[in-house]
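J.: sequence unavailable; structure follows:
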């Protein structure tokens, strides 16, 4: 790419032009709600991108900061009457900001190198890191260091990071799920299950539950070993090149032609997986396979409703139904426009009553690594989410994305109160798997 | 000037950086763009007074702005101007359930006013398409309309009082909670619809109504547009006043169905969505009569909503009209030529012919009850030849609307977009009176100069 070109100038201009600046995105944008300043709104950001494309504005530090301030929650795309493809605009703008190097610093570059190009690029490295983190906790070193006040000696951000670090499961997905599992009776569908990265090390139980639910609905489940990261975090952070390598690796490992569906249970991954055809549009070798891939990718709830999932039978009635509320992961409701299917699953659960949460489709502040890069806004959103959830009186919060699950958990912990009074935060597919298991015990 | 503004308002309330100003260089109107010199966020009428003082001293024009959703360019900055953005004056001051009034600062969102009234069992009827984000101050400045014009009127009909800061810095208050008040000239109505050219509205006192107890929705399709127009005349002749009577033309119907898959007959020439509200008994009776009248006047299908969910489904066709059209082409120009109800069929036919004559895509939908049409141009602002034809077609459409006794703008305002056509509608004497009024209230031409007319 020559020096005078950039990703925003190379974009099909009609994508930028599609924004008619009506302003209907404003009331759904978290950063506009926080500040009431147009620059921090979708149409404001698009106007800056357009100014760059028109050559009226250089890529400045302010431009890069603005793109970093956007959560990428895509709530604006749901509100937009004109169907603006904000996802593509945002990814191009972030990538261009990275490419220009206006935000570069040695520390930032190191963090990006280690996280995006090493940990999230090599499955073994992430699993090893996860294992070490688990050991650090399991052997008592964490407790010892915390008690000793060691973290108070380090810069405050490191202490915060240490507290925020994700919980690690003792056993990852490959241990819990066999490479191929067959349903009882005849298999009606053949699917491949993607286990994700964070989901795999922090919520491998969700992957097991997904496999169980698929098996209970007549699907033969193939789970490839040591899967790669899908590249969603890379795209989100302006590293399109690494994202494309990861997508190619995924396509090399899994042939979409062999399966009826490619199942994702993590909203952020699914949203990105469905865009492989877009990411690899310029790659003649992979473009066709990528299109087949995007076409077959399904979120687990989308798939369950599509194949007419079996509603679990009610056990003997036991008291009042338990109130459950649903927090919509942005990349499920806005990224994939999947809103009714998870609710259909939740409504099918015996012993639960679905209570809608105010602002259920508003971001919780997790947004990939946003809670680390923009802690102030992330915390504001998190606390707002916790207050909305509390107003429902639900003691179970269902949400279908590992980032959201961690963020909301932290929110309740930060809000304090009796630990036993805290709601259970759980992926809806886990609840469905439990309901099927309860049936078997009857 | 910037330093003075920052000293007065604080650094967080003043924007001057290029990246901050670009997003304020436009509003909801296509094509127009102009950078301001600064954007300020006052938090009180006193701060508005202070900003106007600085502006007078530096002879900097002042452009008031709410959420920037206007469709006639009313809040597009003037070169070198200070944009006075009122969104941080967003306090809902009082809801008086005994007098059915609501007092709010100018930056309160229209939706928040509707919700506050609704929570008290009351009703604020004006519902402009942008109400989820438009501010009440902006609605007053543009005298915004909406879908309920026929039965409930427009913003003007709900303004009981105003607080306005004049160009000279005086704070004036007009009106009160009394339904009857004939003291002095009715000056608040001078400021309603004045598009920020006569004063800055900082606070409004609004009239509320009891919330209608029941509502019924009905959808009818027609193979002839005239049959739809005759239906509307027959409904009115039967002394029924629905709260909305929305219309879609054939092009809009096809776009809507392709987008929302609502199962509309694709050969239909016209679609009517009628909503009646009020006492449950009256609503049931009106709805039955409307259904009968639709059938008698040649409707090819009539569907009466069985419940709220079905009502919402029927309304989808109308609600998604703009979204469906906006997706067709890069530039969507939403116009609002308006004619007396009796002339609607002629006007729509003329719009269709004009589009064909200039090889343009124009889809029309709108408010059939009050004659307010939205001829929507689906075009591309980068195609200069086509944009020229758009301009020619618009001229012809406005001229024809005036010939039929209509207006160049039913609810969007004049701003920059309709300036060229205003004199033709008003005539020399009344047009000059506008300018005299402006010169009296704003002798230095400080407030939104060059909007509505050239000064």
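T.: Right, received. Where do you want to start? The shown structure was predicted, so the numbers you read here are calculated from the model rather than taken from an experiment. Numbers count the residues shown, from 1 in each chain, chains lettered A, B, ... in the order given.
J.: which secondary structure element of the chain has the lowest mean pLDDT?
T.: In the absence of a named chain, this looks at chain A. Scoring the helices and strands of chain A by mean pLDDT, DSSP states H and E places helix A:156-164 at the bottom, with a mean of 59.
J.: look at chain B instead
T.: In chain B, the helix or strand scored least confidently by mean pLDDT, DSSP H and E is helix B:308-319, which has a mean of 84.
J.: residue numbers of the stretch 251-400 of chain B in contact with chain A?
T.: Within the stretch 251-400 of chain B, the positions adjacent to chain A are B:322-323, B:326-327, B:330-332, B:380-382 by CB under 8 Å from any CB of the partner chain. Quick note: C-beta positions are derived from backbone N, CA and C, even for glycine.
J.: mind doing that once more with 7 Å?
T.: Applying CB under 7 Å from any CB of the partner chain, one finds that the stretch 251-400 of chain B approaches chain A through B:322-323, B:326-327, B:330, B:332.
J.: state the distance from the nearest residue to residue A:95 once chain neighbours are set aside to chain B.
T.: Counting by CB to CB, 6 or more residues apart in numbering or on different chains, residue A:238 is the residue found nearest to residue A:95 once chain neighbours are left out, at 4.3 Å. Separation of residue A:238 from chain B (CB to the nearest CB, to the nearest Å): 18 Å.
J.: what about the closest residue to residue B:80 other than its chain neighbours, neighbour count?
T.: Spatial nearest neighbour of residue B:80, excluding adjacent residues (CB to CB, 6+ apart): residue B:37 at 5.1 Å. Using other CB atoms under 10 Å in any protein chain shown, residue B:37 has 19 neighbouring residues.
J.: what about whatever residue of the stretch 1-150 of chain B ends up closest to chain A, is that helix, strand or coil?
T.: Residue nearest to chain A within the stretch 1-150 of chain B (CB to the nearest CB): residue B:23, separated by 3.4 Å. At residue B:23 the chain is in helix, as set by DSSP: H, G, I helix; E, B strand; the rest coil.
J.: for it, what are its contacts?
T.: A:38-39, A:44, A:47-48 (CB atoms under 7 Å, 6 or more residues apart in numbering or on different chains).
J.: redo that, cut-off 10 Å
T.: Neighbour list for residue B:23: A:21, A:37-41, A:43-48, A:51, A:66, B:15, B:39, B:68 [criterion: CB atoms under 10 Å, 6 or more residues apart in numbering or on different chains].
J.: before we move on, back to that, hmm, residue B:59 and the residue nearest to residue B:80 touching each other?
T.: No - using CB atoms under 10 Å, residue B:37 is not in contact with residue B:59; the gap is 11.6 Å.
J.: so the spatially most central residue of chain B, which state does it fall into?
T.: With distances taken as CA atoms, centre = their mean, residue B:144 lies nearest the centre of chain B, 3.5 Å away. With three-state DSSP as the basis, residue B:144 sits in coil.
J.: distance check, it against residue B:422.
T.: Applying CB to CB, to the nearest Å, the value for residue B:144 to residue B:422 is 18 Å.
J.: kindly report the same for residue B:303.
T.: 42 Å.
J.: show me what contacts the nearest residue to the residue nearest to the centre of chain B once chain neighbours are set aside?
T.: Nearest residue to residue B:144, sequence neighbours excluded (CB to CB, 6+ apart): residue B:128, at 4.1 Å. Each residue near residue B:128 by CB under 10 Å, 6+ apart is listed here: B:69-71, B:110, B:134, B:138-139, B:142, B:144-147, B:154-155, B:411-412.
J.: cool, and residue B:84?
T.: By CB under 10 Å, 6+ apart, the neighbours of residue B:84 are B:36, B:38-42, B:47-48, B:51-52, B:55, B:62-65, B:75, B:165, B:196, B:200, B:447-448.
J.: inside helices: which ones of those?
T.: Counting by DSSP state H, the contacts of residue B:84 place B:47-48, B:51-52, B:55 in helices.
J.: dump these to CSV, plus neighbour count, distance to chain A and pLDDT.
T.: Below are those laid out as CSV (neighbours: other CB atoms under 10 Å in any protein chain shown; distance: CB to the nearest CB, whole Å; pLDDT from 0 to 100):
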residue, neighbour count, distance to chain A, pLDDT
B:47, 21, 15, 98
B:48, 27, 17, 98
B:51, 26, 17, 98
B:52, 24, 21, 98
B:55, 23, 21, 97
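J.: separation between residue A:244 and chain B?
T.: As judged by CB to the nearest CB, residue A:244 and chain B stand 28 Å apart.
J.: quick check: which element contains that residue?
T.: helix A:240-253 (DSSP states H and E).
J.: sheet-wise, list the partners of whichever helix or strand comes after that helix with their directions.
T.: The helix or strand immediately downstream of helix A:240-253 is strand A:261-264, counting by DSSP H and E. Applying DSSP bridges to the sheet, strand A:261-264 is found paired with strand A:189-193 (parallel), strand A:297-299 (parallel).
J.: okay, now the unreliable bits of the stretch 1-150 of chain A?
T.: A:1-5, A:110, A:113-121, A:125-126, A:133-138, A:140-141, A:144-150 (pLDDT under 70).
J.: what ranges do the helices span in it?
T.: A:7-10, A:13-17, A:30-35, A:42-53, A:61-69, A:75-79, A:86-100, A:106-112, A:123-138, A:141-148 (DSSP state H, counting those that start in this stretch).
J.: for the stretch 301-442 of chain A, same thing?
T.: Using DSSP H, counting those that start in this stretch, helices in the stretch 301-442 of chain A cover A:330-333, A:340-347, A:370-373, A:375-390, A:402-415, A:428-441.
J.: from those, which stretch is densest packed?
T.: Stretch with highest mean neighbour count among these: helix A:330-333 (a mean of 27; mean count of other CB atoms under 10 Å in any protein chain shown).
J.: which strands and helices sit next to that one?
T.: Other elements packing on helix A:330-333 under the criterion 3 or more CB pairs under 10 Å, 6 or more residues apart in numbering or on different chains; DSSP states H and E are helix A:75-79, helix A:267-273, helix A:340-347, helix A:402-415.
J.: would you check that residue B:24 makes contact with residue B:18?
T.: No - using CB under 10 Å, residue B:24 is not in contact with residue B:18, being 11.1 Å away.
J.: show me how the chain divides into domains.
T.: All of this refers to chain A. A:7-100, A:105-310, A:322-441 (automatic domain parsing).
J.: chain B is the one I meant
T.: B:1-211, B:214-323, B:329-420.
J.: of residue B:24 and residue B:18, who's got more company?
T.: The neighbour count for residue B:24 versus residue B:18, taken as other CB under 10 Å, is higher for residue B:24 (27 against 15).
J.: just want the residue of the stretch 101-250 of chain A that's nearest chain B.
T.: residue A:102 (12.1 Å).
J.: count of residues packed around that residue?
T.: Count around residue A:102 with other CB under 10 Å applied: 16.
J.: returning to that earlier point: closest to residue B:183 out of the helices and strands packed on helix A:330-333?
T.: Closest to residue B:183 of those, according to CB to CB: helix A:75-79, at 44.6 Å.
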